[in-house]
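>>> got a predicted structure plus its sequence, pasted below:
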Amino acid sequence: MSVYDAAFVNTELSKPTSIFGLRLWVVIGILLGSLIVLTLFLLSLCLTTRRKSRRHQHLDPTPPISKEIQEIVHHPPAPDHHHAAPPVPEIQVDLGKVEHRVVFSSGESRGPTSAAASVSETASFGSGSVGPEVSHLGWGRWYTLRELELATNGLCEENVIGEGGYGIVYSGVLTDGAKVAVKNLLNNRGQAEKEFKVEVEAIGRVRHKNLVRLLGYCVEGAYRMLVYEYVDNGNLEQWVHGDVGDVSPLTWEIRMNIIVGTAKGLAYLHEGLEPKVVHRDVKSSNILLDRQWNPKVSDFGLAKLLCSENSYVTTRVMGTFGFGILIMEIISGRSPVDYSRPPGEVNLVEWLKTMVGNRKSEEVVDPKLPEMPASKALKRVLLVALKCVDPDATKRPKMGHIIHMLEADDLLFRDERRIAREQSNSRSDDHLMNRNSTKVGERRFDGASASDTSEGDSGRNYHQPSRWR
Ligand SMILES: Nc1ncnc2c1ncn2[C@@H]1O[C@H](COP(=O)(O)OP(=O)(O)OP(=O)(O)O)[C@@H](O)[C@H]1O
């Protein structure tokens with residue numbers, strides 16, 4: 001720019017304007033200053049908003065545990081365990097990425113109406129839906145407390161189906177109509193949360209028709225709840241020891257079905273999963289029944305996950321002893337310990353051993369059984385029970401082997417029943433007795449004869465009582 005141009009610009013800028021007679025450069029200065037101030041204001045506004053929203057995300061009450069839930073790899077079972085379910089794919093779920101807003105604040109105003117109102121409230125905050133898509137895990141669902149309150153009529157007393165060592169169990173109906181059992185775990189903080197994690201991780205991935213299925217869980221504030229499929233025909237303890245009249249509805253066939261089904265559920269826990277799961281509390285109140293009398297093992301909440309290297313013996317010791325007592329309970333209708341009985345009969349295992357040793361197997365059968373079982377079938381199942389409670393833990397059979405023995409027994413029993421029916425129909429006793437012995441002989445080649453089973457698994461010897469040969 002030349003000296004003349006600069007002088008010209010200077011003259012022009014120094015001219016007074018119509019705005020309060022201010023010179024042009026002053027007006028331009030004011031405009032520029034205002035623009036800068038406005039830009040700075042907008043920038044700070046923008047930053048404040050972003051910071052606020054970030055703090056909001058931080059306050060999102062997604063429980064920390066949910067981020068730790070992930071599907072555990074389900075290894076296929078060993079080839080000889082053909083009862084195990086097919087493997088499921090590995091899925092990792094990070095619930096922290098799902099927007100959860102929990103609006104429950106206190107225990108007041110419980111009941112179906114208030115609960116319903118809150119559920120829709122939750123929906124409006126969340127991803128727009130309160131249904132399963134909000135909180136799918138790899139294996140199940142994460143439920144809000146509101147959902148479970150709605151399902152259980154506000155955790156009301158009429159919905160209580162029982163109380164166990166770990167909390168109260170409620171029946172409930174979810175919004176999709178599914179009936180569930182909600183176990184509200186007793187909460188003693190710290191420890192409870194640890195147990196809860198163990199239980200959720202151990203149970204969530206397990207799928208077997210003879211194991212009660214965990215559908216999901218709820219962690220909210222101090223609440224820890226497990227949501228199970230509802231099994232609708234009570235538990236085995238109620239049917240074996242409850243007031244069912246003089247004749248039990250549990251026929252021999254039903255009892256055998258319960259024993260075999262329970263064995264399959266336990267075998268899956270012991271042998272179909274890696275790491276293994278051991279129930280540690282096999283008892284009749286933990287065997288739930290459906291309307292077709294199919295058993296489902298429940299309450300493996302404190303099951304410990306074992307390292308595969310050193311679990312072998314432990315699994316056999318812990319798992320089979322309780323199962324042996326359970327068989328005795330089902331066959332005899334007696335409790336494992338019953339102080340109302342004479343001294344020699346208080347302990348079921350000891351009494352039964354004595355009875356079998358004295359060739360009184362038939363006398364151990366539950367007097368409420370509608371019909372006596374075939375002698376061989378009875379002895380076979382008692383033999384299995386006695387093997388399970390062998391004082392030498394290393395001689396106890398594995399659950400898989402127990403199934404093998406029991407199922408062979410089942411076939412044998414069916415044959416004998418068919419033959420018995422034929423006997424009573426034709427009345428040609430001698431002829432049919434010959435067929436009977438031939439049939440039994442044939443079955444023994446199926447790999448489950450008394451001598452086969454007496455050898456025990458893994459080449460261990462079991463000394464079968466000679467009277468049973
Ligand atoms: N999934 C379910 N469906 C139907 N009823 C259930 C279900 N789970 C548990 N129950 C019932 O709830 C009651 C309490 O069960 P829970 O497993 O808590 O205790 P328990 O087995 O009686 O005792 P413990 O805790 O000492 O094993 C039992 O009567 C059981 O039959």
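Perfect, thanks for sending it. Worth saying up front: this structure is predicted, and the values here are computed from it rather than measured.
>>> Glu371: how many residues sit nearby?
For Glu371, the count of nearby residues is 9 (other CB atoms under 10 Å). To be clear about C-beta, it is placed using only N, CA and C from the backbone, and glycine gets the same treatment.
>>> skipping its backbone neighbours, what lies nearest it in space?
Trp252 (6.7 Å; CB to CB, 6 or more residues apart in numbering).
>>> so Thr17 makes contact with Trp25?
No - if you go by CB atoms under 8 Å, Thr17 and Trp25 don't touch, sitting 9.8 Å apart.
>>> any common contacting residues for those two?
Shared contacts of Thr17 and Trp25 (CB atoms under 8 Å, 6 or more residues apart in numbering): none.
>>> thinking again about what came up before, any figure for the gap between the residue nearest to Glu371 and Glu237?
19 Å (CB to CB, to the nearest Å).
>>> for the two, work out which one has more neighbours and name it.
Trp252 (21 against 15).
>>> what's the more buried one in contact with, if anything?
Trp252 neighbours (CB under 8 Å, 6+ apart): 369-373, 377, 413.
>>> pLDDT score for the closest residue to Gly322 other than its chain neighbours?
Take Gly322 and drop its neighbours on the chain: the residue closest to it by CB to CB, 6+ apart is Val282, 3.4 Å away. On pLDDT, Val282 comes in at 88.
>>> one more: the one 4 residues further on?
According to the model's per-residue confidence, Asn286 sits at a pLDDT of 92.
>>> ok, now Asp5?
74.
>>> now do it against Glu237, distance only.
Separation of Asp5 from Glu237 (CB to CB) stands at 106 Å.
>>> same question, Asn210
Taken as CB to CB, the span from Asn210 to Glu237 is 17 Å.
>>> am I right that Asp299 sits in a helix?
No - secondary structure of Asp299 (DSSP: H, G, I helix; E, B strand; the rest coil): coil, not part of a helix.
>>> show me which residues of stretch 381-391 are buried.
381-390 (16 or more other CB atoms under 10 Å).
>>> and of those, the nearest to Gly221?
Taking CB to CB as the measure, Gly221 lies nearest Cys388 of these, at 43.3 Å.
>>> how about that closest one, what does it touch?
320-321, 323-325, 327, 396-397, 402.
>>> min pLDDT across the residues you listed, which one?
On pLDDT alone, Thr320 ranks lowest of the contacts of Cys388, at 84.
>>> helix or strand: which one has it?
helix 311-332 (DSSP states H and E).
>>> skip ahead from that helix and say which helix or strand is next.
Scanning onward from helix 311-332 (DSSP H and E), the first element met is helix 348-357.
>>> mind listing what's buried along that following helix?
Counting neighbours by 16+ other CB under 10 Å, the buried set in helix 348-357 is 348-349, 351-353, 355-356.
>>> need the residues you listed in JSON lines (columns: pLDDT and distance to Val9).
Formatted as JSON lines, the buried residues of helix 348-357 follow (pLDDT from 0 to 100; distance: CB to CB, whole Å):
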{"residue": "Leu348", "pLDDT": "98", "distance to Val9": "112"}
{"residue": "Val349", "pLDDT": "98", "distance to Val9": "112"}
{"residue": "Trp351", "pLDDT": "98", "distance to Val9": "118"}
{"residue": "Leu352", "pLDDT": "98", "distance to Val9": "116"}
{"residue": "Lys353", "pLDDT": "97", "distance to Val9": "118"}
{"residue": "Met355", "pLDDT": "97", "distance to Val9": "122"}
{"residue": "Val356", "pLDDT": "97", "distance to Val9": "120"}
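>>> tell me the one of those residues nearest Asn233?
Distances from Asn233 to the buried residues of helix 348-357, taken by CB to CB, are shortest for Leu348, at 24.4 Å.
>>> residues touching the closest one, list them.
Leu348 makes contact with 325, 328-329, 332, 334-338, according to CB under 8 Å, 6+ apart.
>>> mark which of those residues are buried, thanks.
Using 16+ other CB under 10 Å as the threshold, 325, 328-329, 332, 334-335 are the buried ones among the contacts of Leu348.
>>> buried residues in stretch 222-232, which are they?
For stretch 222-232, by 16+ other CB under 10 Å, it's 223-231.
>>> can you pull the contacts of the closest residue to Thr354 other than its chain neighbours?
Using CB to CB, 6+ apart and skipping residues adjacent in sequence, the residue nearest Thr354 is Gly344, 7.1 Å away. The neighbourhood of Gly344, defined by CB under 8 Å, 6+ apart, consists of 350-351, 354.
>>> go on, Pro367?
Gly333.
>>> for it, give me phi and psi.
Main-chain dihedrals, Pro367, degrees, to the nearest 10: phi -60, psi -10.
>>> try the one 5 residues further on
Reported as degrees, to the nearest 10, the phi and psi values for Met372 are phi -70, psi 140.
>>> closest one of the buried residues of stretch 222-232 to Tyr217?
Leu226 (5.3 Å).
>>> residues of the stretch 251-400 of the chain that sit close to the ligand?
281, 285-286, 288, 298-299 (CB under 6 Å from any ligand atom).
>>> would JSON lines of those with neighbour count be doable?
Listed next are those as JSON lines, based on neighbours: other CB atoms under 10 Å:
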{"residue": "Asp281", "neighbour count": "18"}
{"residue": "Ser285", "neighbour count": "17"}
{"residue": "Asn286", "neighbour count": "22"}
{"residue": "Leu288", "neighbour count": "24"}
{"residue": "Ser298", "neighbour count": "26"}
{"residue": "Asp299", "neighbour count": "25"}
